[in-house]
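Asker: Got a predicted structure plus its sequence, pasted below:
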Amino acid sequence: MTSTPPTGTRPTDGAPEAWRGRARRAMTWASAAGAALALAAAAVAWSWSGELPAEAASHWSGSGVPDGFSTPSSLVLLCTALALGLVALFCAIGTLAGSAASTRRIAAAGSVWSGGFAGGLLLVTLAPQRGLDDASQVGLSAGAMALVLVAPLVPAVVAAMLVPGDPVLAAAAPVPSDAPRVAVRDGERVVWLRRATGGPGLAVGAVSILVTVALAVVTQTWGMLVVPVLLAGLFVAMFAFSVRVDGSGLTVRSVAGWPGTHVPAAEVLAASVVHVSPFREFGGWGWRVGSGGRVGVVLRQGEGLLVERSGGRSLVVTVDDAATAAALLNTAAERAR
Amino acid sequence: MMWRIDPGGDEPLYAQLVTQVRLAVAHGELRPGERLPAARELAASLDLNMHTVLRAYQLLRDDGVVELRRGRGAMVAARQPADLTAVERAIADLVDAARRAHLSTETTTTLVKEAMHR
């Protein structure tokens, strides 16, 4: 037996909370891994305590010699607290908003990277000061700093890959009767193709890359050029997405090939057109997570395609002509029931 | 834009694509400079042979609707071919008048040629 839900209500489905168990499991081990990396670094630093100067160098501002000092034990505490704070933040994001596998992967990777980064920061700060009585001339190698930023990406990517994807969860409720549809004849093949582009992403990317290059050049810390390289990779992946709606559902993929996602038509509860404010609703541009775990591929302000998906998930893409895409996706969803 | 293919339709598949692009350009749905989907992508999405899409794109290029550039795919041409609706309407009127006057096709085209050379 099926019944049409009353108009105007947000479509719901049989298993809107089933993701919470998956999110808790993933975030438990990912947080443990992130914390373990930081605590292992703290233990190593602690074992050096007899060899370190009473006032260890803790801050450099580009001149080559330190301009800030603290006791080794307070440095250990500071870095560990930084790591645990970031791990807790990612754990909260994954647990509270991880309805989509992509969000749980981002949170798990963030947690592991944070633990590795803060732990690495502690070790590269203290390692050159072992056996010194006076830390006033000790340097901080830019290469080591670059390594601290990049090396934790390896366990972070592994963590993201270890997070299981979402199980197939066909929507049970019928597509709302008031949702727009497209007339499609039997045997007719229909596809809607569009590129999601625009917005301030390119300008933000160009400026941040130029600034980080300029900083590395001015301070002659060549190892820090790794930052603009990472940023460039990020912006290439995020500045344009191809969006496709056909009988199989919705496919959103970066023109660089990654990242991307596919929403099978059978998992679509309803598709509609919404107005999107990337900064207000998602805190920025690109592939984002918004309130309630809504995944956003948001590049510019304005018209967007909203897809309510089974399992309490939803996805927003800022794209022109979203009304046609929504109607075709509703039609595909209805045929997939 | 939305692309439709009806394999059961009377029109050949490539011609269905050509018609849709022409209509989308005429309605302003596709704007000059806008890029059409890569032939491979469109063919895969509509379960067509890639040559069917390429044939449609080539016909559209021959008619001046799109420009094909190596490596950049098909783009809607900046200057669209002239609007022929007024001419077509006048021809329909001319054919009606010629039939009423019992003129042969040859006589009518001769009259048109003479008028064009004036």
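Answerer: Arrived safely, thanks for sending.
Asker: Give me every residue in chain B that's in contact range of chain A.
Answerer: B:1-8, B:29, B:35, B:37, B:41-42, B:45-47 (C-beta under 8 Å from any C-beta of the partner chain). The C-beta positions use only the backbone N, C-alpha and C, and glycine is treated the same way.
Asker: farthest pair in the residues you listed?
Answerer: Across these, the longest distance by C-beta to C-beta is 30.0 Å; it joins B:8 and B:35.
Asker: Neighbour count: those two, which is higher?
Answerer: Neighbour comparison, residue B:8 and residue B:35: the larger count goes to residue B:35, with 14 against 8 (by other C-beta atoms under 10 Å in any protein chain shown).
Asker: quick one on the thing from earlier: in helices only, show me the residues of chain B next to chain A.
Answerer: Among the residues of chain B next to chain A, the members falling in helices (DSSP state H) are B:41-42, B:45.
Asker: Tell me how chain A divides into domains.
Answerer: A:19-162, A:169-196+A:240-337, A:199-239 (automatic domain parsing).
Asker: Turn these into TSV, including mean pLDDT, mean neighbour count and distance to residue B:76.
Answerer: Formatted as TSV, the domains of chain A follow (pLDDT from 0 to 100; neighbours: other C-beta atoms under 10 Å in any protein chain shown; distance: least, C-beta to C-beta, whole Å):
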stretch	mean pLDDT	mean neighbour count	distance to residue B:76
domain A:19-162	93	19	34
domain A:169-196+A:240-337	93	20	14
domain A:199-239	89	16	22
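Asker: Now the stretch 1-150 of chain A against chain B: closest residue?
Answerer: In the stretch 1-150 of chain A, the residue that lies nearest chain B is residue A:102 (22.9 Å; C-beta to the nearest C-beta).
Asker: and that residue, that one's in a strand?
Answerer: No: looking at residue A:102 with DSSP: H, G, I helix; E, B strand; the rest coil, it is helix, so not inside a strand.
Asker: give the contact list for it.
Answerer: Residue A:102 makes contacts with A:259, A:261, A:287, A:295, as judged by C-beta atoms under 8 Å, 6 or more residues apart in numbering or on different chains.
Asker: Just want the most central residue of chain A.
Answerer: Closest residue to the average C-alpha location of chain A: residue A:106 at 4.2 Å, with C-alpha atoms, centre = their mean.
Asker: Give me the three-state assignment for it.
Answerer: What three-state DSSP gives for residue A:106 is helix.
Asker: what about residue A:21, distance to residue A:311?
Answerer: Distance, residue A:21 to residue A:311, using C-beta to C-beta, to the nearest Å: 12 Å.
Asker: Between those two, which contacts overlap?
Answerer: Joint contacts of residue A:21 and residue A:311 (C-beta under 8 Å, 6+ apart) do not exist.
Asker: Tell me who's in contact with residue A:261.
Answerer: A:102, A:251-253, A:295, A:315.
Asker: run the last query once more with 6 Å
Answerer: For residue A:261, the contact set (C-beta atoms under 6 Å, 6 or more residues apart in numbering or on different chains) comprises residue A:252.
Asker: Direction included, what does the helix or strand harbouring it pair against?
Answerer: In this structure, residue A:261 is located in strand A:260-264 according to DSSP states H and E. Paired strands of strand A:260-264, with direction, are strand A:249-254 (antiparallel) (DSSP bridges).
Asker: and the residue of chain B found nearest chain A, how many neighbours?
Answerer: Minimum separation of chain B from chain A (C-beta to the nearest C-beta) falls at residue B:45, amounting to 4.0 Å. When neighbours are defined as other C-beta under 10 Å, residue B:45 has 23 of them.
Asker: tell me the pLDDT at it?
Answerer: Per-residue pLDDT puts residue B:45 at 87.
Asker: coming back round to it: quickly note the distance from the residue of the stretch 1-150 of chain A closest to chain B to residue A:19.
Answerer: 12 Å.
Asker: Now the residue nearest to residue A:69 when sequence neighbours are not counted. Its backbone dihedrals?
Answerer: Distances taken as C-beta to C-beta, 6 or more residues apart in numbering or on different chains place residue A:55 nearest to residue A:69, at 4.3 Å, with adjacent residues excluded. Note on residue A:55: backbone dihedrals following degrees, to the nearest 10 are phi -110, psi 100.
Asker: quick one: average confidence on the longest helix seen in chain B?
Answerer: Longest helix of chain B, by residue count under DSSP H: helix B:85-100. The average pLDDT for helix B:85-100 rounds to 90.
Asker: Buried residues in whichever strand or helix holds residue B:111, which are they?
Answerer: Assigned by DSSP H and E, residue B:111 belongs to helix B:105-117. Burial within helix B:105-117, assessed by neighbour count using 16 or more other C-beta atoms under 10 Å in any protein chain shown, is assigned to residue B:108.
Asker: how far off helix B:85-100 does it point, in degrees?
Answerer: Here helix B:105-117 points in a direction 140 degrees away from that of helix B:85-100 (axes from the mean of the first three to the mean of the last three C-alpha atoms, to 10 degrees).
Asker: For chain B, what's the nearest residue on the stretch 51-200 of chain A?
Answerer: residue A:191 (4.0 Å).
Asker: Which helix or strand contains that residue?
Answerer: Element membership of residue A:191 [criterion: DSSP H and E] is strand A:189-196.
Asker: can you list the residues that contact the following helix or strand past that strand?
Answerer: Sequence order places helix A:201-218 as the next helix or strand after strand A:189-196, per DSSP H and E. If you take C-beta under 6 Å, 6+ apart as the criterion, helix A:201-218 is touched by A:224-225, A:227-228, A:231-232, A:235, A:239, A:285, A:299.
Asker: So which of those is the closest to chain B?
Answerer: For the contacts of helix A:201-218, the nearest to chain B is residue A:239 (15.4 Å; C-beta to the nearest C-beta).
Asker: Identify the residues contacting that closest one.
Answerer: By C-beta under 6 Å, 6+ apart, the contact list for residue A:239 reads A:201-202.
Asker: Remind me which helix or strand residue A:296 belongs to.
Answerer: Per DSSP H and E: strand A:295-298 holds residue A:296.
Asker: Sheet partners, orientation included, of that strand?
Answerer: Here, using DSSP bridges, strand A:295-298 pairs with strand A:286-289 (antiparallel), strand A:313-318 (parallel).
Asker: now those strands as TSV including distance to residue A:37?
Answerer: Shown next, in TSV, are these (distance: least, C-beta to C-beta, whole Å):
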stretch	distance to residue A:37
strand A:286-289	23
strand A:313-318	30
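Asker: residue with max distance from the center of chain A?
Answerer: Outermost residue of chain A (C-alpha atoms, centre = their mean): residue A:133, 43.0 Å.
Asker: okay but residue A:100 is in contact with residue A:313, surely?
Answerer: Yes: using C-beta atoms under 6 Å, residue A:100 is in contact with residue A:313, at 4.9 Å.
Asker: Compute the distance between residue A:312 and chain B, please.
Answerer: Distance from residue A:312 to chain B, counting by C-beta to the nearest C-beta, to the nearest Å: 29 Å.
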